[in-house]
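In: Quick one, fold the following:
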Amino acid sequence: MARRRAFWPWFVVPAVLVGALVAYLVYRFPEALAGDGARAGLVHSLLLLAFVGGSVVLHWRARPGSALRAAAAWVAIGAVLFVGYSFRHEFMALRDRLAAELLPHQGQVSGATISFRANAQGHFVVEADVDGTAVRFLVDTGASDVSLSPADAERLGFDLAALDYTRRYRTANGMIRGAPVRLSRVAIGPIALDNVRASVNQAAMKHSLLGMSFLERLSGYEVAREVLTLRR
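Out: Below you'll find the model as predicted:
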């Protein structure tokens, strides 16, 4: 019986201290428990704390050294999680920056803008969602329309044999023909445009072109220090 009585303070004293701390925080910051989700989160946290604390106490009485190491490990894990949560926005920005460097065609989003770095050839290649299909475009301000390569047009569901190649375009390689089409939706990061004018190139192309029929509908775009920025 003496051992049991001596055992109680290990649970009662921490419980009273935690209860007093919770009561103070609720009094000091009542808005923190305004919703049902917040109250449920508090109950979950207290139950987890009771479980971990009880385990530490039991191990401490049996093997103090092992319990101390376990407690230190839990404190370290909690500190890492707290720091990670506190700097979550910075870590997300770092992740986006690294992704933009490693996968430049995906771009780096910042609010209503998205930026792309030039590739080794000095060109800007961007990946767009065209009617639910990922298509990579070479940005070409000299192209009047969005121009699809035959391969990309087929992936988007166009029947190349049924298209009417009535448009003529003057390029560095001479005159080429294109078939006028409409793209229901073209999305690049936070930018999404509906009913975009485009054409399907009759000849094979290495890349589809993101031309002025898309770019002129933006609020702005610019190139500075080998970075292309598109604004919604």
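
In: Please make it C-alpha for all contacts and neighbour counts, starting now.
Out: Fine.

In: So, low pLDDT: which residues of this protein?
Out: Low-confidence segments of the chain, defined by pLDDT under 70: 1-72, 74-75, 78-79, 81-105, 172-173.

In: Asp129 is in contact with Val186, isn't it?
Out: Yes - counting by Cα atoms under 8 Å, Asp129 touches Val186, with 5.7 Å between them.

In: Name the residue in these two with the higher neighbour count.
Out: Set Asp129 next to Val186 and count neighbours by other Cα atoms under 10 Å: Val186 wins out with 21 against 15.

In: pretty sure that one contacts Val126?
Out: No - if you go by Cα under 8 Å, Val186 and Val126 don't touch, sitting 11.9 Å apart.

In: Phe116 should be in a helix, yeah?
Out: No - read with DSSP: H, G, I helix; E, B strand; the rest coil, Phe116 is strand and lies in no helix.

In: ok, Thr171 - how many residues close by?
Out: Thr171 - counted by other Cα under 10 Å - has 10 other residues nearby.

In: what sits opposite it in the beta ladder?
Out: Gly174 (DSSP bridges).

In: Show me the beta-bridge partners of Arg167.
Out: On the basis of DSSP bridges, Arg167 is bridged to Gly178.

In: Now do the contacts for it.
Out: The contact partners of Arg167, by Cα atoms under 8 Å, 6 or more residues apart in numbering, come to Arg177, Gly178, Ala179, Pro180.

In: What strand or helix carries the last one?
Out: Using DSSP states H and E, Pro180 falls within strand 174-188.

In: Now do the helix or strand that comes right after that strand: everything it contacts.
Out: Note on strand 174-188: by DSSP H and E, the next helix or strand toward the C-terminus is strand 191-201. Here strand 191-201 makes contact (Cα under 8 Å, 6+ apart) with 112-113, 145-150, 153, 176-187, 213-214, 231-232.
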